[in-house]
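A.B. asks: mind folding the following:
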Amino acid sequence: RPQRLETGFSALVQRQRTGHRGAGTRRSDTGSTLLGPNARLTTPVAATAGVPETVLDAVLGTVDGELAAVDTGVGTVWGRHDGLAVDDRVQVRIGADAVTVRPVDGDTPDETSARNRRRGRVAGIDRGETVHTVRIAVDGATIRALVTDESARRLALEVDADVWLSWKATATRLVADAVG
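C.D. replies: Next up, the predicted model:
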């Protein structure tokens, strides 16, 4: 019941029974002080949670400052880490909004700042109204990329098309494997 919750959280909320706002519950000054700094995290967390991602299991191989190389099923991938060590089991998170796609029209694209470059084949396209999630098969794994409808048309993306994909090491997160 609302009254029970209000009693249990009495330091964080206060019941307002009259006044220009009418009856209801609102955050108390104490609640605002405690919870307010975390409110700024709501939007970025919600935005990040809504982005398709690829998660690969890996073992950390090399550490170079804030970056580390890990061995995955799609080859060596570079990403950011926070205090990991060589031989740590990690999960590699690649947000679909960080992956760029281009048609295969020659050699490996090397005029880019992206350390992570792979060749793959379009396995499927989940079409949205203006943004599509492209599923790209790379050595038995599927990496997702977000592309606009305009880009999908310009790049002639279709199932079985060979493509290059790349993503920056700084947009790749290496996280300690909670299970391993």
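
A.B. asks: what's in contact with the helix or strand where T142 lies?
C.D. replies: Per DSSP states H and E, T142 falls inside strand 141-148. With C-beta atoms under 8 Å, 6 or more residues apart in numbering as the test, strand 141-148 has contacts from 51-54, 56, 72-74, 94, 96-97, 99-101, 118, 120, 123, 130-136, 155, 157, 165. (Glycine included, C-beta is placed from N, CA and C.)

A.B. asks: and it, how far from the chain's centre?
C.D. replies: Relative to its parent chain, strand 141-148 has a centroid offset of 12 Å by C-alpha atoms, centre = their mean, to the nearest Å.

A.B. asks: quickly run through the sheet partners of it, with directions.
C.D. replies: strand 131-138 (antiparallel) (DSSP bridges).

A.B. asks: buried residues, the strand it pairs with. List them.
C.D. replies: In terms of neighbour count (16 or more other C-beta atoms under 10 Å), strand 131-138 has its buried residues at 132-136, 138.

A.B. asks: and for stretch 163-173?
C.D. replies: Of the residues in stretch 163-173, those buried under the neighbour-count criterion (16+ other C-beta under 10 Å) are 163-169, 171-173.

A.B. asks: coming back round to it: following element in sequence after the strand holding T142, please.
C.D. replies: Sequence-wise, the next helix or strand beyond strand 141-148 is helix 149-154, with elements assigned using DSSP H and E.

A.B. asks: send me the helix or strand following that following helix as PDB with only the CA atoms.
C.D. replies: Following the chain from helix 149-154 toward its C-terminal end, the next helix or strand by DSSP H and E is strand 162-167. Listed next in PDB are the C-alpha coordinates belonging to strand 162-167 (Å, rounded to 0.1, in the frame of the first residue of the first chain):
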ATOM      1  CA  ASP A 162      30.700  -8.900 -47.800                       C
ATOM      2  CA  VAL A 163      31.500  -5.900 -45.700                       C
ATOM      3  CA  TRP A 164      34.300  -4.500 -43.600                       C
ATOM      4  CA  LEU A 165      33.400  -3.400 -40.100                       C
ATOM      5  CA  SER A 166      35.500  -1.400 -37.700                       C
ATOM      6  CA  TRP A 167      35.200   0.100 -34.300                       C
END
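
A.B. asks: okay then, goodbye and thanks.
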